[in-house]
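> next come a sequence and a model predicted from it.
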Amino acid sequence: MIQVTPQNAYNGPISKVPEWKRIQSEFFQRMGGDQQLRHLFELMPGTFFFLKDERSRMICASRAIQKRLGVASEAEIVGRTDYDFFPPSIADNFVRDDRKVMETGRALVNHVEIWYSEQRILDWFVTNKLPVFDKTGHPIGVMGTVHSYEGKKQELLPFSRVSTAIEYIRQHFRRTISINELAELSELSPRQLQRAFREAMGTGIHEFILKTRIESACHILQTTETPIAEIAKQHGFCDQSAFTKTFRRLTGVTPARFRKESVLRKPKL
């Protein structure tokens, strides 16, 4: 249940409650139980809503998220965590962000990270997370939204100092890209670019390039029968061993296992 925040709830003497706050608080209390406002997200195309408790367990999620996670109903996700649906390395990042939001009490806004696309392929998405408080002001969880990166990039990137570098990487990730090359395109020094990139994306440039390569490789593994060695070569890795090592570090499984599990997860028509 999404609790009313201290800003919306009041427990002091009635005589001190401003009229607007009293009206607001009374209405939220009348709503009770399940927070009905979350159903509004079902009507917003491309916006996925979720709510977790302080242990990062799912409390509720919009139907779009349920579909992305491969479940038939909300009952199948309540009490479960990201580790039940994502590779460990990706789930680690989600939970780390949850902890940071709860510990600082500050929202995480327009955070770009890997999530599942409609085809259940790992792709880039934009996440917003806000802390959820109980009536005493103690953090008890996080709530947030997920949007596709493609749908949000025009809104996000014009305000980012690293937009040129990000788009260049997404278009040329299969070949070797140097920091100096990206810095020149971005009209920043290499040091300025690296600092700005980490602040904007939450990761280093080299790691972003690797994640972009692996995201693309996931799609190829899931939709074709191209040999793994060839996929490694196509994505800029020196050999299959280096590709497998990076793939396992970022997804928690080998390319071969990912392909096998993707076939098993594929819905029957």
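That came in fine, so what should we check first?

> could you pull out the strands for the chain?
For the chain, the strands defined by DSSP state E cover 48-53, 58-61, 108-116, 122-133, 139-148.

> what residues sit buried inside the last one?
Neighbour-count burial for strand 139-148, with 16 or more other CB atoms under 10 Å as criterion, is recorded at 140-148. (Each C-beta comes from the backbone N, C-alpha and C, glycine too.)

> turn those residues into JSON lines, columns for pLDDT.
As requested, the buried residues of strand 139-148 are exported to JSON lines (pLDDT from 0 to 100):
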{"residue": "Ile140", "pLDDT": "92"}
{"residue": "Gly141", "pLDDT": "93"}
{"residue": "Val142", "pLDDT": "94"}
{"residue": "Met143", "pLDDT": "93"}
{"residue": "Gly144", "pLDDT": "92"}
{"residue": "Thr145", "pLDDT": "90"}
{"residue": "Val146", "pLDDT": "88"}
{"residue": "His147", "pLDDT": "82"}
{"residue": "Ser148", "pLDDT": "75"}
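
> quick one: contacts for the nearest residue to Gly79 once chain neighbours are set aside?
Among residues not flanking Gly79 along the chain, Arg57 sits closest, at 5.3 Å (CB to CB, 6 or more residues apart in numbering). Going by CB atoms under 8 Å, 6 or more residues apart in numbering, Arg57 touches 78-81.

> which one (most neighbours) among those?
Most neighbours among the contacts of Arg57, by other CB atoms under 10 Å: Thr81, with 18 neighbours.

> what's the distance between that residue and Thr104?
Distance, Thr81 to Thr104, by CB to CB, to the nearest Å: 21 Å.
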